[in-house]
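Student: Turn this into a structure:
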Amino acid sequence: MNVLPRPLSRPLAWGLLALAALLAGCSGPLRVDNQVRSFAQWTADGIATGTGSGAAVPQPPQRYRFDRLPSQASGTALGAQERLEALAAAELRAFGWEPAEGDALAPWRIQVTASTQRLARAPWEDPWDGYRGFFQAGIGLGGYRSGVGGVIWVPVLPPPSTPYYLREVSLVVRQSGSGRVVYETVASHDGRWNSTPELWSAMLRAALQDFPTPPAGPRQVNIEIDSGRNKR
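Tutor: Reported below is the predicted structural model:
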């Protein structure tokens with residue numbers, strides 16, 4: 001007797017179509033969508049546009065040094081922080097900001113931090129959605145012990161889930177002399193891509209968009225990167 005295959009459930013069919021589309025487009029650019037919030041206060045009473053020293057938005061070139069928290073300055077965290085600062089320096093260079101060399105004075109100090117939260121699945125996903133599990137029952141020769149029949153049970157388990165990541169990167173600029181914060185920016189991104197330098201660079205680029213005079217309020221900044229270099 002021929003047994004026709006059962007049709008795929010609708011959620012599973014849609015999932016396979018989405019996977020096929022992802023694989024078909026994996027060689028193209030990947031859009032990293034970021035939610036960005038930036039705040040600038042280059043003078044004590046707000047943003048100034050003049051040219052006087054200490055009374056204006058700084059014009060390039062500018063020199064700075066990185067500030068580190070105690071938790072970023074030793075052990076394995078130090079290596080990760082150095083890599084993050086190198087990525088931040090590359091993005092700041094586009095605005096004419098360069099790290100100070102040797103003992104040269106630097107009017108600015110910059111603190112950069114990054115965080116990742118790993119979730120077992122996307123917040124909106126139900127591990128049981130579209131999945132009912134199954135069991136098999138069979139009666140015939142060679143059954144369990146009796147020799148005449150038996151039942152085979154297959155446990156009903158949820159399908160494996162794909163991790164989902166919540167990420168955030170922030171930069172804070174301070175005046176070296178007073179320690180006053182003059183610029184603050186945060187970029188948040190969530191998705192299934194694992195950590196790569198290209199992903200963090202895209203987030204830093206988004207965070208620094210329109211530096212040093214960003215628009216007011218939250219905004220979305222999309223950055224495209226080569227998806228072939230951003231592996232899971």
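Student: For F39, which residues are in contact?
Tutor: By Cβ atoms under 8 Å, 6 or more residues apart in numbering, F39 lies in contact with Y183, E184, T185, P214. C-beta coordinates here come from the backbone N, C-alpha and C atoms, glycine included.
Student: Helix, strand or coil: sort out it for me.
Tutor: strand (DSSP: H, G, I helix; E, B strand; the rest coil).
Student: Dig out what it forms beta bridges with.
Tutor: On the basis of DSSP bridges, F39 is bridged to E184.
Student: Against P163, how distant is it?
Tutor: Distance, F39 to P163, using Cβ to Cβ, to the nearest Å: 32 Å.
Student: can you list the weak-confidence ranges in this protein?
Tutor: For the chain, the stretches flagged by pLDDT under 70 are 1-28, 48-55, 127-159, 227-232.
Student: Do a quick rundown of the helices in it.
Tutor: Assigned by DSSP state H, the helices in the chain fall at 10-24, 75-93, 197-207.
Student: Show me which positions of the last one end up buried.
Tutor: Along helix 197-207, the positions that meet the burial threshold by neighbour count (16 or more other Cβ atoms under 10 Å) are E198, L199, W200, S201, A202, M203, L204, R205, A206, A207.
Student: ok, so of those residues, who is nearest R121?
Tutor: Distance to R121 across those (Cβ to Cβ) is lowest for L199, with 19.6 Å.
Student: Wait, the closest one touches V32, no?
Tutor: Yes: counting by Cβ atoms under 8 Å, V32 is a contact partner of L199 at 6.4 Å.
Student: which neighbours do the two share?
Tutor: By Cβ under 8 Å, 6+ apart, the residues touching both L199 and V32 are H189, I225.
Student: How much space separates V181 from D67?
Tutor: 11 Å.
Student: likewise I225?
Tutor: Counting by Cβ to Cβ, the gap from I225 to D67 is 28 Å.
Student: Could you do S178 as well?
Tutor: Taking Cβ to Cβ as the measure, S178 falls 14 Å from D67.
Student: do A94 as well
Tutor: 21 Å.
Student: just L84 next, same as before
Tutor: Counting by Cβ to Cβ, the separation of L84 from D67 is 13 Å.
Student: Likewise for G179?
Tutor: G179 is 10 Å from D67, where distance means Cβ to Cβ.
Student: When these two are compared, which one has more neighbours?
Tutor: D67 (18 against 9; other Cβ atoms under 10 Å).
Student: how near is the residue lying closest to Y183 once chain neighbours are set aside to T76?
Tutor: Distances taken as Cβ to Cβ, 6 or more residues apart in numbering place V173 nearest to Y183, at 3.8 Å, with adjacent residues excluded. According to Cβ to Cβ, V173 and T76 sit 27 Å apart.
Student: So for the two, which sits in the more crowded spot?
Tutor: The neighbour count for V173 versus T76, taken as other Cβ under 10 Å, is higher for V173 (25 against 7).
Student: So what sits opposite that one in the bridge?
Tutor: The partner residues for V173, given DSSP bridges, come to I110, Y183.
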